[in-house]
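K.L.:
model the structure of this input:
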Amino acid sequence: MNRSGYIVLLIAAIAGVSVAVLFAGCGSSGGRAGGADSASSPSCLPASLEHSAALPETNVDVSPEPETDTANPDTQISFLGTSAANIREVSAAGSKSGEHEGHMSGYSQGDGASFIPDKPFAAGERVLVRAVIDEPSGAKPVSFAFHVDTPYSTAHVTEFPNPQAAPADYQSFATLPGVQAPILTVTVPDRDPAAGDILTTNGPGPGQYGPLIYTPQGRLVWFEKLSGGEAAEDLNEQTYEGQRDLTWWKGRVLSLGFGQGEDVVMNSHYQTVATVRGGNGLRADLHDFQIGPRDTAYITAFNPIRCNLVSVKGARDGTITDTAVQEIDMKTGLVRWEWHSLDHVAAEESETEAPSTATPWDWFHINSIDPEPDGNIFISARSTWAGYQLEAGTGKILWRLGGLKSSFKMGPGTETAWQHDGRILADGEVTFFDDGSNPPIHSQSRGVRIKLDFQTHEARLAAVYAHASPPLLSASQGNMQTLADGSSVVGYGGLPEISEYSEDGALLFDAHEPFDMAFYRAFRYAWSARPADPPAVLASLNDTGEETIVHASWNGATEVASWRVLAGKQAGSLAVQTTMPASGFESSTTLPKRYSYIAVQALDSKGQALATSPTVKVISYAASLASAGGSQ
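P.N.:
Predicted coordinates for the structure are as follows:
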C-alpha cells in the first residue's frame, strides 16, 4: 500500500498532534466489503467504486449517490438537472426509521430541488427513495437506495493550541487597542506592482487569528481580529454577483487536521454579503471555497465515521475520515450536489497507514476544488498524492494525475508528495503546490506546472518554482496562484513565506510572516476598498500637558494619501489644524497646543475627503499609557 515504511511510521507518530500534519456507517448490505460484529465498527469500505450520481434514463443526478455508504443521518435528498416542478411524489423510507415526511425546496437556479426530511435518518440504516421525474418523453418512475453512515463525534476533539505570539512578531496600534497584527517582512522588493496587495491569514499556531491584507512594502492594510477561539483561513478574492469580493473561512481548526466553520463573502466595504454553511449535517471545512457561476459555491467537508478497517490492516473498531465536496446554492443554503471520496477512491491508495486504534484515519484529505468551465471538477488529495478530474454531475473519476493509479505516465519531476492546491489552467496545464513533506520526500517544496498529453497519456514537467536561498521544505499547507501575465505566486504555508516568480523563474517578490507562525494560503490581488466603518482616532496630551498627540487609522482603506486633523476646545467647533501624510497603517502627529476634542478626515491623493472619524475627547498622557498595548 505504501511506498516507504518510513512514511508510514512517521505519519502514524505525528498524525493529529502536530501542526506539521495539519494541512498536511453503514448498516448491513451485501454490496460492501468486510463484516461486522458486536465489537466492530460498521462496514463502510465499498466493494465497488463504480458509483454514479446519475439516475438511469433521466437527466437528473442525485445525492446521496445510489448505494453510497456515506450519507449523513441529517442528509437531504438532492435532485439536480430538471426544474422543481418536474420532480414529484418523492418518498423516503428507512429500514429502521420507517417512512419520512418532508418537503421539497427548489434551487434558486431553477434546475432542481431537495427533499428535506422532517427528522434525521437512523445511523446504519438503508434508505429507499422513490420519485417520479417528468421527462420530455413522459413521466419516469425512479427509485434508488443509500446507506446511512455512523458518525464519529468530534465534540471531544481539541483544537490546535493558540499561544501568545512573541512581542517581536507583531505590531500594535494606538487606534486599535488589543490588536497584535503579525509583521510581514519583505526580503526582495516588489518588481511587479501590478500584481497588487498580499492576502493571507495567520494560524493556527501562535498569535492572533484573522484575515490579513498587506501592501507589497509590508505595510498592514487590514486585519480583522477574531475572538472566541475562531481561526481564519484561505483569504481570497472572487467574483460574487458581478463584484470582486473577499472570501474566507472562519471556524474551529481541530487537531485532527480539518476545520468546522463557515465561509464568508465580504464586499469592498468589509460588509458580509453572503455566508455559506455546509449542509447534510456537515460543517464547512477550511480547505477550499470556490464560487461558481449562478451563485453556487463549492466547499470541502470532512466527515469522520465509524468504519471496520480490518480489510486494510486497520482496527476492527476503527474510524475513517471521509471527505466530501458539496455544491451549495448560496441563496437558499441547499445542497445541490455532493461527492464523497470513499465512493470513488480505494482506501488502499492512501500513502498513510490505517491506525490500529479508533483514531480517525485521514486517508484522503481533500485540500482543493477547481470547478472547470465545462462543469467538471478537479480536486487534490494530500494523503493519496494525487489529483482527480471528476465528471460533471455523475461524479465519476475521468482521470488521475499522480498517486498509485495515475492515468498518466509521470515524467521526471512530475510526481508530488503531500501536495496542495491543484488547479487546471486555461491551456490545460495543471499546477500544484508540492509540499514534498511531511515526512520529507523531496528536498524542498515547490510550485509545479505539469503538461498533460491525452494521446500518449504522459505527464511532463513544464516549470518549477522553488525558493533558492534558503531552500524551503514546508510540512503543511501552501498554494500556487497563476497570474494573468504568467507569473506565479507561491505561498509556502507552514513556512509562511510568499514569493512571486516570473514565467522564466526569476524572483519578483519575496516576503514572510514570523517563522513560528503559519498561514494556509497567500495571494496577490490589486485590492481596492473603502470601509463602511469610519476612521479611528486617538488623541492624548503629551507628558507636559502642553501639546496634543494625534493617532489616526482606517482599517482596510486603500485610498488614503493623507489625514486632515481638526481640533478645538468644544466638540461642536473644530477647526483644521494641520494635514499629515499617511505614513503607514497608523499615522501620527503632534499639535503644538493643548486641545480638548479631535477628529480626523481621510483624504485621497487629490485631497478629497473620503470619510471623517467620530469626534473624540483628548485623554491625559497617563491614560494614553494605560491604553497602550493590549492582550491576545
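K.L.:
and the strands in the stretch 351-500 of the chain?
P.N.:
Using DSSP state E, counting those that start in this stretch, the strands of the stretch 351-500 of the chain run over residues 366-371, 377-381, 386-390, 397-402, 409-410, 420-424, 430-434, 446-453, 458-465, 479-482, 488-491, 497-501.
K.L.:
contact partners of the third one?
P.N.:
Taking C-beta atoms under 8 Å, 6 or more residues apart in numbering as the criterion, the residues outside strand 386-390 that touch it are 325, 339, 344-345, 349, 376-381, 396-406, 419, 422, 424, 430, 432. The C-beta positions use only the backbone N, C-alpha and C, and glycine is treated the same way.
K.L.:
please repeat the previous calculation with a cut-off of 6 Å.
P.N.:
The contact list for strand 386-390, computed with C-beta atoms under 6 Å, 6 or more residues apart in numbering, reads 376-380, 397-403, 422.
K.L.:
make a markdown table out of these and add pLDDT, distance to residue 609 and neighbour count.
P.N.:
Listed next are the contacts of strand 386-390 as a markdown table, based on pLDDT from 0 to 100; distance: C-beta to C-beta, whole Å; neighbours: other C-beta atoms under 10 Å:
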| residue | pLDDT | distance to residue 609 | neighbour count |
| --- | --- | --- | --- |
| 376 | 98 | 50 | 15 |
| 377 | 98 | 47 | 24 |
| 378 | 98 | 47 | 20 |
| 379 | 98 | 48 | 25 |
| 380 | 98 | 47 | 28 |
| 397 | 98 | 57 | 18 |
| 398 | 98 | 56 | 14 |
| 399 | 98 | 57 | 16 |
| 400 | 98 | 58 | 19 |
| 401 | 98 | 54 | 25 |
| 402 | 98 | 55 | 27 |
| 403 | 98 | 58 | 21 |
| 422 | 98 | 47 | 26 |
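K.L.:
out of those residues, which is nearest to residue 67?
P.N.:
Checking those against residue 67 by C-beta to C-beta gives residue 397 as the nearest, at 16.5 Å.
K.L.:
that closest one reaches residue 344, doesn't it?
P.N.:
Yes - under the criterion of C-beta atoms under 6 Å, residue 397 is in contact with residue 344, at a separation of 5.5 Å.
K.L.:
can you list the contacts of strand 386-390 in TSV and add distance to residue 192?
P.N.:
Listed next are those as TSV, based on distance: C-beta to C-beta, whole Å:
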residue	distance to residue 192
376	32
377	31
378	27
379	30
380	26
397	37
398	35
399	34
400	34
401	29
402	30
403	34
422	24
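K.L.:
from these, which is closest to residue 170?
P.N.:
The nearest member of the contacts of strand 386-390 to residue 170, counting by C-beta to C-beta, is residue 380 at 32.0 Å.
K.L.:
so what's that closest one closest to, chain neighbours aside?
P.N.:
residue 422 (3.4 Å; C-beta to C-beta, 6 or more residues apart in numbering).
K.L.:
now swap in residue 104 and tell me
P.N.:
Using C-beta to C-beta, 6+ apart, the closest residue to residue 104 is residue 113 (4.9 Å).
K.L.:
what strand or helix carries residue 623?
P.N.:
Using DSSP states H and E, residue 623 sits within helix 621-627.
K.L.:
can you point out the buried residues in that helix?
P.N.:
For helix 621-627, the buried set under the neighbour-count rule, 16 or more other C-beta atoms under 10 Å, comprises residue 624.
K.L.:
who touches the residue nearest to residue 104 in this structure?
P.N.:
So residue 113 contacts 79, 84, 87, 104, 106 (C-beta under 6 Å, 6+ apart).
K.L.:
of those residues, grab the buried ones for ChimeraX.
P.N.:
The buried residues among the contacts of residue 113 can be selected in ChimeraX (16+ other C-beta under 10 Å) with this line:
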select :79,84,87,104,106
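K.L.:
sitting in helices, which of the contacts of residue 113 do you find?
P.N.:
Per DSSP state H, helices hold no members of the contacts of residue 113.
K.L.:
closest to residue 135 out of the contacts of residue 113?
P.N.:
Of all the contacts of residue 113, residue 87 has the smallest distance to residue 135: 11.1 Å, by C-beta to C-beta.
K.L.:
hang on, the closest one packs against residue 79?
P.N.:
Yes - in this structure residue 87 lies within contact range of residue 79 using C-beta under 6 Å: 4.9 Å.
K.L.:
so which helix or strand takes in residue 93?
P.N.:
Using DSSP H and E, residue 93 falls in strand 87-94.
K.L.:
contacts for the following helix or strand past that strand, please.
P.N.:
Next in sequence after strand 87-94, counting helices and strands by DSSP H and E, comes strand 98-100. Strand 98-100 is contacted from outside by 92, 93, 117, using C-beta under 6 Å, 6+ apart.
K.L.:
reformat those as JSON lines; add pLDDT, neighbour count and distance to residue 583.
P.N.:
What follows is these, written out as JSON lines (pLDDT from 0 to 100; neighbours: other C-beta atoms under 10 Å; distance: C-beta to C-beta, whole Å):
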{"residue": "92", "pLDDT": "98", "neighbour count": "23", "distance to residue 583": "64"}
{"residue": "93", "pLDDT": "98", "neighbour count": "16", "distance to residue 583": "69"}
{"residue": "117", "pLDDT": "98", "neighbour count": "20", "distance to residue 583": "59"}
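K.L.:
can you lay out those residues as JSON lines showing distance to residue 370?
P.N.:
Formatted as JSON lines, the contacts of strand 98-100 follow (distance: C-beta to C-beta, whole Å):
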{"residue": "92", "distance to residue 370": "33"}
{"residue": "93", "distance to residue 370": "38"}
{"residue": "117", "distance to residue 370": "32"}
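K.L.:
could I get the full set of strands for the stretch 151-300 of the chain?
P.N.:
Under the criterion DSSP E, counting those that start in this stretch, the stretch 151-300 of the chain contains strands at 170-173, 176-182, 185-188, 197-202, 210-214, 220-223, 231-240, 243-253, 259-266, 272-277, 289-292, 296-306.
K.L.:
how close does the residue nearest to residue 104 sit to residue 321?
P.N.:
30 Å (C-beta to C-beta, to the nearest Å).
K.L.:
same deal with residue 41?
P.N.:
The gap separating residue 41 from residue 321 is 13 Å, by C-beta to C-beta.
K.L.:
rewinding a little: of the strands of the stretch 351-500 of the chain, which approaches residue 263 most closely?
P.N.:
Closest to residue 263 of the strands of the stretch 351-500 of the chain is strand 366-371 (C-beta to C-beta; 11.9 Å).
K.L.:
residue 430 against residue 450, yeah?
P.N.:
Yes - in this structure, residue 430 is within contact of residue 450 by C-beta under 6 Å, at 4.7 Å.
K.L.:
show me where the stretch 501-632 of the chain has its strands.
P.N.:
Under the criterion DSSP E, counting those that start in this stretch, strands of the stretch 501-632 of the chain are mapped to 507-512, 523-525, 536-541, 548-553, 562-568, 575-581, 586-591, 597-603, 609-612, 616-617.
K.L.:
sheet partners, orientation included, of the first one?
P.N.:
Spelled out, it's strand 507-512. With DSSP bridges as the test, strand 507-512 is paired with strand 185-188 (antiparallel), strand 497-501 (antiparallel).
K.L.:
identify the bridge partners of the residue nearest to residue 104.
P.N.:
Applying DSSP bridges to residue 113 gives these bridge partners: residue 79, residue 106.
K.L.:
circling back: could you dump the strands of the stretch 501-632 of the chain to CSV with mean pLDDT, mean neighbour count and distance to residue 488?
P.N.:
CSV is the format used below for those (pLDDT from 0 to 100; neighbours: other C-beta atoms under 10 Å; distance: least, C-beta to C-beta, whole Å):
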stretch, mean pLDDT, mean neighbour count, distance to residue 488
strand 507-512, 98, 20, 9
strand 523-525, 98, 22, 10
strand 536-541, 98, 22, 37
strand 548-553, 98, 24, 33
strand 562-568, 98, 21, 36
strand 575-581, 98, 13, 34
strand 586-591, 98, 18, 33
strand 597-603, 98, 24, 35
strand 609-612, 98, 15, 34
strand 616-617, 98, 13, 46
